[in-house]
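A.B. asks: sequence unknown, structure follows:
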C-alpha cells in the first residue's frame, strides 16, 4: 500500500455467516491474524482512526485486535458508528455483553441515525457516512459467498466510479493462504 490513510473502515462477514458459533473456533485466530497484519500496514501508512459499525463477527474480532494494538500504538483510535439508535438491542445476553464492552472501550461511539430502525434508507445513509468519512475500507468478503457485507461491497464499487476510495479486500482464499 502506498497511499495515505487516516481513517479506515473495517467490515466483513458476521460470525454466523462463517459458521462460527464458539469463541474457541480456529477460524477466529486466522481472521484476527490477517486483520492484525492489515492494520499494521495501515498504521505504517498513517492511520489514526478505525471505524466499525458494531457488528458481530469480523468487526468484533477487529475490535479485539485493535485493543491489543493500542497497547503498542497509543495514537490509534477506534470509533463505533452504529447505523441507528438501539442497534443490537435484541441480541442475546452474551452478545449484549460484547456490545457493552466495545462501547466502554471505544474512543468514540455514535449513531448515523438518532432514531430507531425505520427503513433501509438509514442503512444507506450509514454507508454513505462511512464512505465519506474514511479513505479506505478493509473488507473480508468474497462475491461468491454472499453475506450482509454484499451491500457495502456493492456500494463501495459504485462510490469508486466517481470518487477516490480504496478497497482492501480479503477473500476466503486469502484467509486460507495465510495458513502457509
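C.D. replies: All right, it came through fine. Note that the structure is a prediction, hence the values are computed from the model and not measured.
A.B. asks: for the record, mean pLDDT for stretch 98-107?
C.D. replies: The average pLDDT within stretch 98-107 is 97.
A.B. asks: got it, and stretch 15-27?
C.D. replies: If you average the pLDDT over stretch 15-27, you get 93.
A.B. asks: neighbouring contacts of stretch 87-105?
C.D. replies: Under the criterion C-beta atoms under 8 Å, 6 or more residues apart in numbering, residues 52, 54, 56, 60, 63, 67, 80, 82, 109, 111, 117 lie in contact with stretch 87-105. Where C-beta positions appear, they are placed from N, C-alpha and C, glycine not excepted.
A.B. asks: Flag every buried residue along it.
C.D. replies: Of all the residues in stretch 87-105, those buried under the rule 16 or more other C-beta atoms under 10 Å are 87-88, 98-99, 102.
A.B. asks: How about stretch 132-142?
C.D. replies: For stretch 132-142, burial by neighbour count (16+ other C-beta under 10 Å) applies to 134-142.
A.B. asks: and which of the residues you listed is nearest to residue 179?
C.D. replies: Here the nearest of the buried residues of stretch 132-142 to residue 179, counting by C-beta to C-beta, is residue 140; it sits at 15.1 Å.
A.B. asks: Surely the closest one is in contact with residue 168?
C.D. replies: No. Residue 140 is beyond contact range of residue 168, at 9.8 Å (criterion: C-beta atoms under 8 Å).
A.B. asks: Which among the contacts of stretch 87-105 count as buried?
C.D. replies: The neighbour count (16+ other C-beta under 10 Å) marks 52, 54, 56, 60, 63, 80, 82, 111 as buried among the contacts of stretch 87-105.
A.B. asks: which ones among these are found in helices?
C.D. replies: Counted as lying in helices by DSSP state H, out of the buried ones among the contacts of stretch 87-105, are 60, 63.
A.B. asks: Out of the buried ones among the contacts of stretch 87-105, which sit inside strands?
C.D. replies: In this view, the buried ones among the contacts of stretch 87-105 that belong to strands under DSSP state E are 52, 80, 82, 111.
A.B. asks: Give me the residue ranges of the protein where confidence is low.
C.D. replies: The chain contains residues with pLDDT under 70 at 1-3, 180.
A.B. asks: Okay, helices next: where are they in this protein?
C.D. replies: For the chain, applying DSSP H gives helices covering 26-44, 58-70, 93-105, 121-132, 149-160, 172-177.
A.B. asks: circling back to that earlier point, out of the buried ones among the contacts of stretch 87-105, which one sits closest to residue 31?
C.D. replies: residue 60 (10.4 Å).
A.B. asks: what about residue 127, distance to residue 36?
C.D. replies: Look at residue 127 and residue 36: by C-beta to C-beta, to the nearest Å, they are 25 Å apart.
A.B. asks: Residue 93 now?
C.D. replies: Per C-beta to C-beta, residue 93 is found 29 Å from residue 36.
A.B. asks: What of residue 52?
C.D. replies: For residue 52 relative to residue 36 (C-beta to C-beta), the value is 15 Å.
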